[in-house]
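Novice: Sharing a sequence plus its predicted fold:
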Amino acid sequence: MVTSIEQIIKSYNPSTIDETKAIVREVVQSIILVGLSRSGFFTKASFYGGTALRIFYGLNRYSEDLDFTLNDVDPNFSIEPYINKIKEVALSYGLDLEIVTKIKKIKTPIESAFAKLNTYHTFISLKLNDSIVSSLHKDEVLKVKFEIDCHPSLGFNTESKWLDIPEFAQIVVLDEPSLFAGKLHAILCRNYKNTVKGRDYYDFLFYIQKRVKPNLSYLRNKLVETGKISKSESFDICVLRNMLKEQFKNVDFSQVKKDAARFVFKNEDLSFYTKELFIQMVDRICE
């Protein structure tokens, strides 16, 4: 069963231009996932990150990018063989999706590509509200970045999930404990100089509320690989809690709220975000 893009957008009942853009971006994300599934991509790779958490585990915020990890290290992996199937699926929905792979000047373990649509022309073809269309620049582009880690830390676990919008497709996704481990690693190791990625902290509370137990062995492997801890250091739930509390002590939570607010639904209240809240929630992490 296939659901039209117009039906999907109508079901969300967006009230602003930003909400409409976010919904169309989600549709494009799902179309990319369908294309990857049809191409056999998930025999080699798994889906993770904020968008995976949103689509398959109920995270109540928008997410911009698609993140994947190979199931084993493969420095020669290329996304190119999978692109035509993504375009084919997009065209079946009337979307002329341009996909550009990132040309790397320096060799890295990450393969990157961008899916692009002209926002103005797409909104017209979808027969969206005239007031929304008129507020767009005719050359505005909607982008979805997707990245594949070709030299992943191992130790994660996966499960098979079914995407049902816009059509059915089987996707291999990291399980919640492994996703939580990845999020904790991001909180501890992201380096954004004087900024902070508030979405990480929003997601942290999501896992806490669901009482998800992090995959500590996977988290340890990631921390070792990024040099946060050494191979000889012991690592357990107590060490993790201490690391997080030290991290939260140095975070500007006004920045956390400002960043996270850009991605939550219907102006969700984040005024309660404080240093004290997050430090106390560390002790709620399940062992």
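Specialist: Thanks, I have the structure now.
Novice: So which helix or strand of this protein has the lowest pLDDT on average?
Specialist: Using mean pLDDT, DSSP states H and E, helix 130-134 stands out as the lowest-scoring helix or strand of the chain, at a mean of 72.
Novice: ok, then the element right after that one?
Specialist: Past helix 130-134, heading to the C-terminal end, the next element that is a helix or strand (DSSP states H and E) is strand 141-149.
Novice: Enumerate the positions of that next one that are buried.
Specialist: When burial is assessed from 16 or more other Cβ atoms under 10 Å, strand 141-149 yields the following buried residues: 142, 144, 146-149. C-beta coordinates here come from the backbone N, C-alpha and C atoms, glycine included.
Novice: State the mean pLDDT of that strand.
Specialist: With pLDDT averaged residue by residue, strand 141-149 scores 95.
Novice: Same question for stretch 236-254.
Specialist: Average pLDDT, stretch 236-254: 95.
Novice: Can you point out the buried residues in that stretch?
Specialist: Within stretch 236-254, judged by 16+ other Cβ under 10 Å, the buried ones are 240-241, 243-244, 247-248, 251, 253.
Novice: Reformat the residues you listed as TSV; add secondary structure.
Specialist: Formatted as TSV, the buried residues of stretch 236-254 follow (DSSP: H, G, I helix; E, B strand; the rest coil):
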residue	secondary structure
240	helix
241	helix
243	helix
244	helix
247	helix
248	helix
251	coil
253	helix
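Novice: can you redo those residues as TSV with distance to residue 78?
Specialist: Below are these laid out as TSV (distance: Cβ to Cβ, whole Å):
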residue	distance to residue 78
240	36
241	41
243	36
244	37
247	36
248	40
251	38
253	41
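Novice: Specify which member of these is nearest to residue 158.
Specialist: Closest approach to residue 158 among the buried residues of stretch 236-254 (Cβ to Cβ): residue 240, at 22.2 Å.
Novice: ok now do the closest one, which residues does it touch?
Specialist: 184, 214, 216, 219, 285 (Cβ atoms under 8 Å, 6 or more residues apart in numbering).
Novice: Alright, that wraps it up for me.
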